[in-house]
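K.L.:
no sequence for this one, just the structure:
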DNA sequence: CTGAAGCGTAAGTCGTAGCTTTCGTTCGTG
DNA sequence: CACGAACGAAAGCTACGACTTACGCTTCAG
């Protein structure tokens, strides 16, 4: 199934810690240590999650001195939103089919 | 963090198998056995995944004889889409902040 | 009423993702 | 130049979840 490669972003957001990170980054860009301060996990763990999110195209890094400022990547978020939009639209079509099928179901 | 309960739908879509199921259901409602035929996993595994998706509010079941026709729940999909939309919007605001901060960064 | 088809559930196994710990690297500060 | 801060990477451990197997229930057909 071709979509198995496209759901990389979904696996990234599927983890609670990463979801929390994305939430924090949605408010404003932050450094790794700052993110770790607001999460119940270590800084290294945050770093690993950020790597996954970065590979998924959901976040981007910007080096400032010894710090690395991470921010959300709107394009990545938009990509996921687009897929959900497709599901949503097709689901509505499916509804129509079900209703129409019900008419012939009695035969 | 309050959002930890709300990401139930994200964990559901985070699994490749469940994502594939949602994809199939987006095309049209299907029975459990039909879904299993198009996936590399057993029918029971599909059944378990459907349970997770149902708990997450992403799918709904409809008994027809011995079969159970599953379909997407547009409301659940819309809920996730709404969260992504919030992220996306806040991310753009964050961009503005970064740009403005850059002005003062040189000092 | 008997048999089969279609599902859901429980128990058990196994892989893997997430977390911590440790270490190496880069950059700023005195 | 030496020290400390901030971060990434590798190794190891543990726990959770995905899948299978086996079983019981419901519904339709004969």
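P.N.:
Here it is on my side, so go on. Here the structure is a predicted model, which means the values were calculated and not measured. Residues are numbered from 1 along each chain as shown, chains lettered A, B, ... in the order given.
K.L.:
which residue sits closest to the spatially most central residue of chain A in space, ignoring its chain neighbours?
P.N.:
Most central in chain A under CA atoms, centre = their mean is residue A:13, positioned 4.1 Å from the mean C-alpha point. Nearest residue to residue A:13, sequence neighbours excluded (CB to CB, 6 or more residues apart in numbering or on different chains): residue B:10, at 4.9 Å. C-beta here means a position set from N, CA and C on the backbone, and glycine is covered the same way.
K.L.:
residues contacting the residue of chain A found nearest chain B?
P.N.:
Nearest residue of chain A to chain B: residue A:14, at 1.9 Å (CB to the nearest CB). Counting by CB atoms under 8 Å, 6 or more residues apart in numbering or on different chains, residue A:14 touches B:7, B:10-15.
K.L.:
one more time with 7 Å
P.N.:
B:10-11, B:13-14 (CB atoms under 7 Å, 6 or more residues apart in numbering or on different chains).
K.L.:
and it, what pLDDT?
P.N.:
With respect to pLDDT, residue A:14 scores 96.
K.L.:
tell me the spacing between it and residue B:78.
P.N.:
In this view, residue A:14 and residue B:78 are 19 Å apart by CB to CB, to the nearest Å.
K.L.:
ok, the residue nearest to residue A:13 - how many residues close by?
P.N.:
24 (other CB atoms under 10 Å in any protein chain shown).
K.L.:
isn't residue A:91 right up against residue B:77?
P.N.:
Yes: between residue A:91 and residue B:77 there is a contact at 6.3 Å, judged by CB atoms under 7 Å.
K.L.:
save the contacts of residue A:14 as CSV, and put in secondary structure too.
P.N.:
Below are those laid out as CSV (DSSP: H, G, I helix; E, B strand; the rest coil):
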residue, secondary structure
B:10, helix
B:11, helix
B:13, helix
B:14, helix
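K.L.:
could you dump those residues into JSON lines and include distance to residue A:29?
P.N.:
Converted to JSON lines, those look like this (distance: CB to CB, whole Å):
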{"residue": "B:10", "distance to residue A:29": "22"}
{"residue": "B:11", "distance to residue A:29": "26"}
{"residue": "B:13", "distance to residue A:29": "26"}
{"residue": "B:14", "distance to residue A:29": "25"}
